[in-house]
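Asker: Build me a model:
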Amino acid sequence: MMHEHSERTAEVPAPAKINLALLVGPRRDDGYHPVCSVMEKVRLFDTLRASFEDEGFGMRLTGSEIPAAENIVLRAARALEEETGRKFDVDMELRKEIPVAAGLAGGSSDAAAALRLLSFMFGLELPRERLAKLAAGLGADVPFFLEPGTQLARGVGEQLEPLAGFPEYAVVLVKPNVSLSTAKVYELYDEIAAPTTDGFSESCLRLAKEPPLLRSASDLPAIMHNDLEPAATILFPGLPELKQEVSDAGALAVLMSGSGPTVFGIYPDLEAAIEASIRLRERHRLVWPAATFRE
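Answerer: The predicted structure follows:
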């Protein structure tokens, strides 16, 4: 979905991500963990807007507090410049709604938005495979945001397979007043879980090749699982209580997303999610009802 405001300005939404299932294998020699994850975009958006500037302007990004050298949006833009041999004179503005360090992959979504927006604005026609490779070099979740619909992610997240026939549903996202380091969560996972390669591979194969029949939202709990929850609970002991609160608000199932600490509840439709969010806002400030986003 691309919005063009004028000949010189365009913007693109960057949706949040949830993991309906997240299986994590043992740490590899390169430091990465193989994953097997059912990933879904939801309608909580950052927005990236860009305007053409005169030659020699270079690239500027406003709206982000992350230093330029570490900023994944600028890293994505520079990677695209290097890949194409082009120079982008562009002024970008990022409007953040997705909380950071929340398990919702907002930074990865912003990076994918930069790749899509600049490709559109500058008429780049990179083959899909080259763009996906660029995305994977920026972060494990970035390639997912270039693909439509629900996806099964394997490898370190870069091997994607579309999952057709998923039912419509809505979620309520609740972000507690804590942030979790993804690296620390995985470090603790290694200490307490000690997964085996064989066990992980068998579980992933079942999820990929023998998924349960999912006819409606009420069938989704059958696949919902997150291997990182025990590690996250050590860092955030209030996680089980938060999940129970969302469950008490009528959710069909509740799960932590990614490396946390955001949790989400599954609801049959957006109306039910909105009603639950009103109740949950009595105790929590960061609560969002959201439908799926499969574009």
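Asker: Can you identify each of the helices in the stretch 151-295 of the chain by residue range?
Answerer: For the stretch 151-295 of the chain, the helices defined by DSSP state H, counting those that start in this stretch cover 182-192, 197-209, 229-235, 239-248, 270-280.
Asker: which stretch in the ones you listed has the least confidence?
Answerer: Note on these: lowest mean pLDDT is at helix 197-209, with a mean of 82.
Asker: Identify all contacting residues around that one.
Answerer: Contacts with helix 197-209, where a contact means C-beta atoms under 8 Å, 6 or more residues apart in numbering, come from Ala21, Leu23, Val24, Gly25, Pro26, Pro34, Cys36, Val38, Leu152, Arg154, Glu161, Ile223. C-beta coordinates here come from the backbone N, C-alpha and C atoms, glycine included.
Asker: my guess is the first one contacts Thr150, does it?
Answerer: By that I understand Ala21. No. Assessed by C-beta atoms under 8 Å, Ala21 is found out of contact with Thr150, at 10.9 Å.
Asker: what touches both of those two?
Answerer: Joint contacts of Ala21 and Thr150 (C-beta under 8 Å, 6+ apart) are Val38.
Asker: Looking at these two, which is more packed in?
Answerer: Ala21 (23 against 19; other C-beta atoms under 10 Å).
Asker: quick check, the more buried one in a strand?
Answerer: Yes. Judged by DSSP: H, G, I helix; E, B strand; the rest coil, Ala21 forms part of a strand.
Asker: Surely Arg285 touches Asn177?
Answerer: Yes. Arg285 lies in contact with Asn177 (C-beta under 8 Å); the separation is 7.4 Å.
Asker: JSON lines for the helices of the stretch 151-295 of the chain, including distance to Glu82 and mean neighbour count?
Answerer: Formatted as JSON lines, the helices of the stretch 151-295 of the chain follow (distance: least, C-beta to C-beta, whole Å; neighbours: other C-beta atoms under 10 Å):
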{"stretch": "helix 182-192", "distance to Glu82": "26", "mean neighbour count": "15"}
{"stretch": "helix 197-209", "distance to Glu82": "34", "mean neighbour count": "14"}
{"stretch": "helix 229-235", "distance to Glu82": "36", "mean neighbour count": "18"}
{"stretch": "helix 239-248", "distance to Glu82": "41", "mean neighbour count": "17"}
{"stretch": "helix 270-280", "distance to Glu82": "42", "mean neighbour count": "18"}
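Asker: Ala16 is nearest to which of those?
Answerer: Evaluated with C-beta to C-beta, the helices of the stretch 151-295 of the chain place helix 270-280 nearest to Ala16, the distance being 14.1 Å.
Asker: which strands and helices sit next to the closest one?
Answerer: Applying 3 or more C-beta pairs under 8 Å, 6 or more residues apart in numbering; DSSP states H and E, one finds that helix 270-280 contacts strand 170-175, helix 239-248, strand 263-267, strand 286-291.
Asker: let's see 6 Å
Answerer: strand 170-175, strand 286-291 (3 or more C-beta pairs under 6 Å, 6 or more residues apart in numbering; DSSP states H and E).
Asker: Can you give the domain ranges for this protein?
Answerer: Domains of the chain are assigned by automatic domain parsing as 3-162, 170-291.
Asker: Straight-line length of the last one, end to end?
Answerer: Looking back up the chat, that one is domain 170-291. Start-to-end span of domain 170-291 (C-alpha to C-alpha, to the nearest Å) is 4 Å.
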